[in-house]
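Chemist: The following block contains a protein sequence and its predicted model.
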Amino acid sequence: KNQVEQSPQSLIILEGKNCTLQCNYTVSPFSNLRWYKQDTGRGPVSLTIMTFSENTKSNGRYTATLDADTKQSSLHITASQLSDSASYICVVSKIAGGYNKLIFGAGTRLAVHP
Amino acid sequence: GAVVSQHPSWVICKSGTSVKIECRSLDFQATTMFWYRQFPKQSLMLMATSNEGSKATYEQGVEKDKFLINHASLTLSTLTVTSAHPEDSSFYICSARRTSGVSGNEQFFGPGTRLTVL
(Lines give C-alpha, C1' and ligand atoms only; values in the text may rest on other atoms or scores of the structure.)
Protein backbone atom coordinates (compact mmCIF):
# COMPACT_ATOMS: atom_id res chain seq x y z
CA LYS A 1 0.00 0.00 0.00
CA ASN A 2 1.36 3.42 -0.95
CA GLN A 3 1.72 5.46 2.21
CA VAL A 4 3.64 8.45 3.49
CA GLU A 5 3.99 8.83 7.24
CA GLN A 6 5.36 11.91 8.94
CA SER A 7 6.57 12.52 12.44
CA PRO A 8 6.17 14.23 14.72
CA GLN A 9 2.58 15.28 14.15
CA SER A 10 3.32 18.62 15.76
CA LEU A 11 6.34 20.37 17.16
CA ILE A 12 7.02 23.50 19.19
CA ILE A 13 10.48 25.04 19.24
CA LEU A 14 12.00 28.32 20.31
CA GLU A 15 13.14 30.87 17.79
CA GLY A 16 16.72 30.29 16.71
CA LYS A 17 16.71 26.56 17.44
CA ASN A 18 17.11 23.81 14.87
CA CYS A 19 14.65 20.99 14.24
CA THR A 20 14.32 17.90 12.09
CA LEU A 21 11.13 16.51 10.62
CA GLN A 22 10.83 12.90 9.50
CA CYS A 23 9.11 11.21 6.58
CA ASN A 24 8.84 7.47 5.91
CA TYR A 25 7.25 6.12 2.78
CA THR A 26 6.24 2.88 1.13
CA VAL A 27 5.47 4.29 -2.32
CA SER A 28 6.45 2.27 -5.36
CA PRO A 29 7.53 2.79 -8.06
CA PHE A 30 9.22 5.88 -6.65
CA SER A 31 9.67 8.95 -8.80
CA ASN A 32 10.65 11.78 -6.46
CA LEU A 33 10.07 13.22 -3.01
CA ARG A 34 9.15 16.80 -2.22
CA TRP A 35 8.86 18.81 0.94
CA TYR A 36 6.26 21.56 0.94
CA LYS A 37 5.63 24.38 3.38
CA GLN A 38 2.00 25.33 3.87
CA ASP A 39 1.17 28.46 5.79
CA THR A 40 -2.25 28.55 7.43
CA GLY A 41 -4.90 29.37 4.87
CA ARG A 42 -2.50 29.15 1.94
CA GLY A 43 -1.56 26.60 -0.67
CA PRO A 44 1.57 24.44 -0.39
CA VAL A 45 4.85 25.89 -1.60
CA SER A 46 7.66 23.61 -2.72
CA LEU A 47 10.85 23.69 -0.65
CA THR A 48 12.89 20.85 -2.11
CA ILE A 49 12.59 18.03 -4.61
CA MET A 50 14.79 14.96 -4.69
CA THR A 51 15.02 12.08 -7.09
CA PHE A 52 16.20 8.55 -6.35
CA SER A 53 19.88 9.35 -6.79
CA GLU A 54 19.96 12.48 -4.64
CA ASN A 55 20.86 12.26 -0.96
CA THR A 56 20.77 15.89 0.10
CA LYS A 57 19.15 19.07 -1.18
CA SER A 58 19.32 22.48 0.44
CA ASN A 59 17.20 25.57 0.06
CA GLY A 60 18.45 28.30 2.35
CA ARG A 61 17.92 27.21 5.95
CA TYR A 62 16.07 24.09 4.79
CA THR A 63 18.03 20.90 4.13
CA ALA A 64 16.32 17.72 3.01
CA THR A 65 17.87 14.27 3.00
CA LEU A 66 16.76 11.12 1.27
CA ASP A 67 17.71 7.51 1.90
CA ALA A 68 16.09 5.59 -0.93
CA ASP A 69 17.20 2.26 0.51
CA THR A 70 15.39 2.70 3.81
CA LYS A 71 12.72 4.90 2.22
CA GLN A 72 13.23 7.70 4.68
CA SER A 73 13.57 11.42 4.30
CA SER A 74 14.14 14.26 6.71
CA LEU A 75 13.79 18.02 6.60
CA HIS A 76 16.18 19.96 8.78
CA ILE A 77 15.45 23.58 9.59
CA THR A 78 18.36 25.63 10.84
CA ALA A 79 18.16 28.73 13.01
CA SER A 80 14.37 28.75 13.02
CA GLN A 81 12.42 31.96 12.58
CA LEU A 82 8.90 32.88 13.60
CA SER A 83 7.92 32.78 9.94
CA ASP A 84 8.83 29.10 9.83
CA SER A 85 5.62 28.38 11.73
CA ALA A 86 3.61 26.33 9.26
CA SER A 87 2.72 22.80 8.23
CA TYR A 88 5.42 20.87 6.43
CA ILE A 89 4.15 18.22 4.07
CA CYS A 90 6.16 15.35 2.63
CA VAL A 91 4.87 14.31 -0.79
CA VAL A 92 6.12 11.27 -2.66
CA SER A 93 5.50 10.92 -6.37
CA LYS A 94 4.59 7.54 -7.75
CA ILE A 95 5.01 6.74 -11.41
CA ALA A 96 1.55 5.93 -12.75
CA GLY A 97 0.47 5.88 -16.37
CA GLY A 98 3.39 7.96 -17.56
CA TYR A 99 2.80 10.70 -15.03
CA ASN A 100 3.51 11.27 -11.38
CA LYS A 101 0.77 10.60 -8.87
CA LEU A 102 1.24 12.44 -5.60
CA ILE A 103 0.96 10.65 -2.27
CA PHE A 104 0.65 13.13 0.59
CA GLY A 105 1.80 12.79 4.15
CA ALA A 106 -0.40 14.19 6.90
CA GLY A 107 2.12 16.92 7.62
CA THR A 108 4.00 18.17 10.66
CA ARG A 109 2.68 21.33 12.25
CA LEU A 110 5.61 23.44 13.42
CA ALA A 111 5.20 26.33 15.81
CA VAL A 112 8.17 28.60 16.44
CA HIS A 113 7.84 30.64 19.61
CA PRO A 114 9.83 33.75 20.50
CA GLY B 1 7.20 31.25 -13.54
CA ALA B 2 4.67 28.49 -12.83
CA VAL B 3 2.12 30.56 -10.94
CA VAL B 4 -1.34 29.23 -10.19
CA SER B 5 -4.12 31.50 -8.99
CA GLN B 6 -7.52 30.78 -7.48
CA HIS B 7 -10.58 32.95 -7.28
CA PRO B 8 -12.16 33.73 -4.96
CA SER B 9 -9.74 33.34 -2.06
CA TRP B 10 -12.67 32.98 0.29
CA VAL B 11 -16.45 32.76 -0.07
CA ILE B 12 -19.38 32.56 2.30
CA CYS B 13 -22.69 31.29 0.98
CA LYS B 14 -26.07 30.14 2.17
CA SER B 15 -26.98 26.48 2.32
CA GLY B 16 -28.54 25.29 -0.94
CA THR B 17 -26.73 27.72 -3.21
CA SER B 18 -23.99 26.89 -5.71
CA VAL B 19 -20.47 28.24 -5.63
CA LYS B 20 -17.94 28.36 -8.45
CA ILE B 21 -14.19 28.38 -7.82
CA GLU B 22 -11.72 29.20 -10.58
CA CYS B 23 -8.19 27.88 -10.96
CA ARG B 24 -5.86 29.51 -13.47
CA SER B 25 -2.33 28.77 -14.56
CA LEU B 26 -1.01 32.27 -15.19
CA ASP B 27 2.20 31.71 -17.11
CA PHE B 28 2.07 28.18 -18.43
CA GLN B 29 -0.30 25.75 -20.08
CA ALA B 30 -1.74 22.89 -18.11
CA THR B 31 -3.58 20.05 -19.78
CA THR B 32 -4.23 18.59 -16.37
CA MET B 33 -5.37 20.29 -13.21
CA PHE B 34 -6.20 18.75 -9.87
CA TRP B 35 -8.71 19.68 -7.19
CA TYR B 36 -7.99 18.97 -3.54
CA ARG B 37 -9.94 19.40 -0.36
CA GLN B 38 -8.35 20.03 3.00
CA PHE B 39 -10.04 19.90 6.38
CA PRO B 40 -8.50 21.61 9.43
CA LYS B 41 -5.29 20.01 10.62
CA GLN B 42 -5.43 17.40 7.85
CA SER B 43 -3.48 17.03 4.66
CA LEU B 44 -4.73 17.52 1.14
CA MET B 45 -7.14 14.96 -0.25
CA LEU B 46 -7.43 14.60 -4.01
CA MET B 47 -11.01 15.05 -5.18
CA ALA B 48 -10.69 14.89 -8.94
CA THR B 49 -8.37 15.20 -11.90
CA SER B 50 -9.43 17.71 -14.51
CA ASN B 51 -8.33 17.15 -18.10
CA GLU B 52 -8.64 19.87 -20.72
CA GLY B 53 -11.35 19.07 -23.21
CA SER B 54 -12.57 15.90 -21.53
CA LYS B 55 -14.49 14.74 -18.50
CA ALA B 56 -12.91 14.91 -15.09
CA THR B 57 -11.87 11.80 -13.22
CA TYR B 58 -13.23 11.68 -9.68
CA GLU B 59 -11.71 9.90 -6.71
CA GLN B 60 -13.71 7.25 -4.93
CA GLY B 61 -16.34 8.74 -2.66
CA VAL B 62 -16.49 12.12 -4.40
CA GLU B 63 -19.90 12.92 -5.89
CA LYS B 64 -19.42 14.10 -9.45
CA ASP B 65 -22.90 15.60 -9.61
CA LYS B 66 -22.18 17.70 -6.55
CA PHE B 67 -18.70 18.82 -7.49
CA LEU B 68 -18.88 19.85 -11.14
CA ILE B 69 -15.56 20.35 -12.87
CA ASN B 70 -15.00 22.10 -16.17
CA HIS B 71 -11.59 22.42 -17.83
CA ALA B 72 -12.45 24.44 -20.91
CA SER B 73 -8.99 25.78 -21.73
CA LEU B 74 -5.34 25.03 -21.10
CA THR B 75 -5.19 27.67 -18.40
CA LEU B 76 -8.54 27.47 -16.63
CA SER B 77 -10.41 24.87 -14.61
CA THR B 78 -13.51 25.54 -12.53
CA LEU B 79 -15.01 23.65 -9.61
CA THR B 80 -18.68 24.26 -8.87
CA VAL B 81 -20.04 23.08 -5.55
CA THR B 82 -23.74 22.58 -6.22
CA SER B 83 -26.42 22.86 -3.53
CA ALA B 84 -23.77 23.52 -0.92
CA HIS B 85 -24.31 22.40 2.65
CA PRO B 86 -22.41 23.20 5.84
CA GLU B 87 -20.48 19.94 5.60
CA ASP B 88 -19.02 21.19 2.30
CA SER B 89 -17.25 23.95 4.20
CA SER B 90 -13.57 23.35 3.63
CA PHE B 91 -10.38 24.65 2.06
CA TYR B 92 -10.27 23.85 -1.65
CA ILE B 93 -6.89 23.85 -3.38
CA CYS B 94 -6.15 23.35 -7.04
CA SER B 95 -2.91 22.44 -8.73
CA ALA B 96 -1.81 22.51 -12.34
CA ARG B 97 0.57 20.16 -14.04
CA ARG B 98 2.95 21.83 -16.41
CA THR B 99 2.99 20.11 -19.77
CA SER B 100 6.42 21.17 -20.95
CA GLY B 101 9.70 22.76 -19.92
CA VAL B 102 12.20 21.77 -17.28
CA SER B 103 9.42 21.49 -14.72
CA GLY B 104 7.32 19.25 -16.92
CA ASN B 105 5.19 16.79 -14.98
CA GLU B 106 5.44 18.82 -11.76
CA GLN B 107 2.31 20.12 -10.05
CA PHE B 108 2.11 23.73 -8.92
CA PHE B 109 -0.43 24.61 -6.26
CA GLY B 110 -2.81 27.51 -6.04
CA PRO B 111 -3.29 29.55 -2.86
CA GLY B 112 -6.57 27.87 -1.99
CA THR B 113 -10.18 28.96 -1.54
CA ARG B 114 -11.87 28.94 1.83
CA LEU B 115 -15.55 27.99 1.48
CA THR B 116 -17.92 28.54 4.37
CA VAL B 117 -21.52 27.40 3.99
CA LEU B 118 -23.95 28.83 6.49
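Modeler: Happy to help now that I have it. Residues are numbered from 1 along each chain as shown, chains lettered A, B, ... in the order given.

Chemist: and the helix or strand hosting B:Ile93, is it in reach of chain A?
Modeler: Element membership for B:Ile93 (DSSP states H and E) is strand B:90-97. Yes. Using CB under 8 Å from any CB of the partner chain, strand B:90-97 reaches chain A at B:Phe91, B:Ile93, B:Ser95, B:Arg97. (Glycine included, C-beta is placed from N, CA and C.)

Chemist: ok, these vs chain A, which is closest?
Modeler: B:Ile93 (5.1 Å; CB to the nearest CB).

Chemist: Hmm, B:Gln42 is touching A:Ala106, no?
Modeler: Yes. The pair B:Gln42 / A:Ala106 is scored as a contact, 6.8 Å apart, by CB atoms under 8 Å.

Chemist: so what strands line up beside the very next helix or strand once past the strand holding B:Ile93?
Modeler: Sequence-wise, the next helix or strand downstream of strand B:90-97 (DSSP H and E) is strand B:107-109. Strands that pair with strand B:107-109, judged by DSSP bridges, come out as strand B:90-97 (antiparallel).

Chemist: Touching the partner strand from outside, list them.
Modeler: A:41, A:43-44, A:99, B:4, B:6, B:21, B:23, B:25, B:28, B:30-39, B:44, B:77, B:79, B:105-115 (CB atoms under 8 Å, 6 or more residues apart in numbering or on different chains).

Chemist: Make a PyMOL selection of whichever of the residues you listed turn out to be buried.
Modeler: This is the PyMOL syntax for the buried subset of the contacts of strand B:90-97, where burial follows 16 or more other CB atoms under 10 Å in any protein chain shown:
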select buried, (chain A and resi 43+44) or (chain B and resi 4+6+21+23+25+28+30+31+32+33+34+35+36+37+38+44+77+79+105+106+107+108+109+110+111+112+113+115)
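
Chemist: all strands for chain B, in order.
Modeler: Using DSSP state E, the strands of chain B run over B:4-7, B:10-13, B:19-25, B:32-38, B:45-51, B:57-58, B:67-73, B:76-81, B:90-97, B:107-109, B:113-117.

Chemist: Please apply the same query to chain A.
Modeler: Using DSSP E, strands in chain A cover A:4-7, A:10-14, A:19-25, A:30-38, A:45-51, A:56-59, A:62-67, A:72-77, A:86-96, A:99-104, A:108-113.

Chemist: Which one's more surrounded, B:Gln42 and A:Ala106?
Modeler: A:Ala106 (17 against 14; other CB atoms under 10 Å in any protein chain shown).

Chemist: Quick check: which ranges of chain B have low pLDDT?
Modeler: Within chain B, the set of residues satisfying pLDDT under 70 comprises B:1, B:99-105.

Chemist: ok and the residue in it nearest chain A?
Modeler: For chain B, CB to the nearest CB, closest residue to chain A: B:Phe109, 4.1 Å.

Chemist: If you rank every helix and strand of chain A by mean pLDDT, what lands last?
Modeler: strand A:99-104 (a mean of 84; mean pLDDT, DSSP states H and E).

Chemist: From A:Tyr62, how far off is A:Tyr88?
Modeler: 9 Å (CB to CB, to the nearest Å).

Chemist: what's the answer for B:Gly61, then?
Modeler: Distance, B:Gly61 to A:Tyr62, by CB to CB: 34 Å.
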